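> take this sequence and fold it.
(one chain, ligands or ions: 1)
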Amino acid sequence: MTMMVNGVCYHAEQYGEGEPLLLLHGFTGSADTWRPLAPFWPDFRVMAVDLLGHGRTEAPKDARRYRIEHAAADLAALLDEWGVEQVNVLGYSMGGRLALAFAVWHPRRVRRLVLESSSPGLETEEERRARREADEALARKIETEGVRAFVDDWEKIPLFATQQTLPDPVRAAIRRERLRHTATGLANSLRGMGTGVQPSFWERLGELAMPVLLVCGERDEKFCRIAAQMHERLPNSELICVKGAGHAIHVEQPGIFAKIVSEFMTKGEV
Ligand SMILES: C=C(O[C@H]1C=C[C@H](C(=O)CCC(=O)O)[C@@H](C(=O)O)[C@@H]1O)C(=O)O
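Numbering: from 1, shown residues only. Now for the predicted structure:
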């Protein structure tokens, strides 16, 4: 469905009945990211959103509109529109950064938090500046060379090396999803909500009282290291490192990922 949220036209989907689960995709993803997992989650009311500049959601020309504080405010408005006061939030990679921001700024609205291969941002201004410069260069490359050339390069970055051995139909589906975006949407997403633009939440992890599940792939050393560091600072978290998986666990091992999430979501229920 299409919804006007804070002046931006969002595409959002809802399916299933039961425990509300808000799903936030990664950079170059969309609500479609989660479709293969739906059969594993029959008891959840899934709410999947195309984030700013992605999929069928509008790609504002002003990169400032993508800032994580605006994206988090949009999520709150979406939940208000749906009449949902409190929700479980699952975010993958970029979507995990947004999920964490939402949990920090709206803690009473987040029942449980699942962060897949994500981070609280970069701790120092020096790291953030370097990342902003790198993401600006990537944004310009997307705008000058086009989305197809970007996707050709993007799917080959070391972070996704483990995806090279996925079945061709799975790889083709990921590629189709990436190719559906506009250059403006992807470039401005990097400029507005890139890892170097958002504030660091490292010093605020101790505030989160809700249960947090950190999931990383054993072969994704960088984000497993980040997850372990987050685990040390979060008051109420568990960390699961999925054997043999890379960055996108939900793609590489959907059944295992879905089971991990289901068990976390129903923990403590009689
Ligand atoms: C390459 C790095 O950062 C990028 C990689 C992962 C994030 C993401 O959402 C990718 C999702 C996907 O393509 O499957 C993305 C982000 O958080 O915005 C980063 O740009 C890195 O080494 O940090």
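
> can you pull out the strands in the stretch 151-270 of the chain?
Per DSSP state E, counting those that start in this stretch, the stretch 151-270 of the chain carries strands over the ranges 212-217, 237-242.

> name the stretch among those strands that sits most buried.
For the strands of the stretch 151-270 of the chain, average neighbour numbers computed from mean count of other Cβ atoms under 10 Å are highest in strand 212-217, which has a mean of 25. Just so you know, the C-beta spots here come from the backbone N, C-alpha and C atoms, and that holds for glycine as well.

> name the nearest residue to the residue positioned nearest the centre of the chain, ignoring sequence neighbours.
When Cα atoms, centre = their mean is applied to the chain, the residue found nearest the centroid is G95 (1.6 Å). Nearest residue to G95, sequence neighbours excluded (Cβ to Cβ, 6 or more residues apart in numbering): L24, at 3.1 Å.

> in JSON lines, list the strands of the stretch 151-270 of the chain along with distance to the ligand and mean pLDDT.
Output for the strands of the stretch 151-270 of the chain, formatted as JSON lines (distance: least, Cβ to the nearest ligand atom, whole Å; pLDDT from 0 to 100):
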{"stretch": "strand 212-217", "distance to the ligand": "11", "mean pLDDT": "98"}
{"stretch": "strand 237-242", "distance to the ligand": "15", "mean pLDDT": "98"}
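
> how many neighbours does L190 have?
By the criterion of other Cβ atoms under 10 Å, L190 has 27 neighbours.

> that one against L138, yeah?
Yes. Judged on Cβ atoms under 8 Å, L190 makes contact with L138 at a distance of 5.9 Å.

> hang on, the earlier thing: quick check: the residue nearest to G95 vs S118, distance?
L24 is 10 Å from S118, where distance means Cβ to Cβ, to the nearest Å.

> which neighbours do the two have in common?
Residues touching both L24 and S118 (Cβ atoms under 8 Å, 6 or more residues apart in numbering) are G91, Y92, G95, G96, A99.

> just the ones of the residues you listed in helices?
Counted as lying in helices by DSSP state H, out of the shared contacts of L24 and S118, are G95, G96, A99.

> max pairwise distance over the shared contacts of L24 and S118: which two?
Y92 and A99 (8.7 Å; Cβ to Cβ).

> residues shared between the contacts of these two?
Joint contacts of Y92 and A99 (Cβ under 8 Å, 6+ apart) are L24, S118.

> which bits of the stretch 1-150 of the chain sit near the ligand?
Within the stretch 1-150 of the chain, the positions lying close to the ligand (Cβ under 6 Å from any ligand atom) are G26, F27, T28, S93, M94, R97.

> format the CA atom coordinates belonging to the top helix by length along the chain as PDB.
Longest helix in the chain, counting residues (DSSP H): helix 125-145. In PDB, the C-alpha atoms belonging to helix 125-145 read as follows (Å, rounded to 0.1, in the frame of the first residue of the first chain):
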ATOM      1  CA  GLU A 125      34.300  12.000  13.900                       C
ATOM      2  CA  GLU A 126      37.500  11.100  12.000                       C
ATOM      3  CA  GLU A 127      35.900   7.700  11.000                       C
ATOM      4  CA  ARG A 128      32.600   9.400  10.200                       C
ATOM      5  CA  ARG A 129      34.300  12.000   8.000                       C
ATOM      6  CA  ALA A 130      36.300   9.400   6.100                       C
ATOM      7  CA  ARG A 131      33.100   7.300   5.500                       C
ATOM      8  CA  ARG A 132      31.100  10.400   4.400                       C
ATOM      9  CA  GLU A 133      33.800  11.100   1.800                       C
ATOM     10  CA  ALA A 134      33.800   7.500   0.600                       C
ATOM     11  CA  ASP A 135      30.000   7.400   0.400                       C
ATOM     12  CA  GLU A 136      29.900  10.700  -1.400                       C
ATOM     13  CA  ALA A 137      32.300   9.300  -4.000                       C
ATOM     14  CA  LEU A 138      30.100   6.200  -4.400                       C
ATOM     15  CA  ALA A 139      27.000   8.400  -4.600                       C
ATOM     16  CA  ARG A 140      28.600  10.400  -7.500                       C
ATOM     17  CA  LYS A 141      29.600   7.200  -9.200                       C
ATOM     18  CA  ILE A 142      26.000   5.900  -9.000                       C
ATOM     19  CA  GLU A 143      24.800   9.200 -10.500                       C
ATOM     20  CA  THR A 144      27.400   9.300 -13.300                       C
ATOM     21  CA  GLU A 145      27.700   5.700 -14.300                       C
END
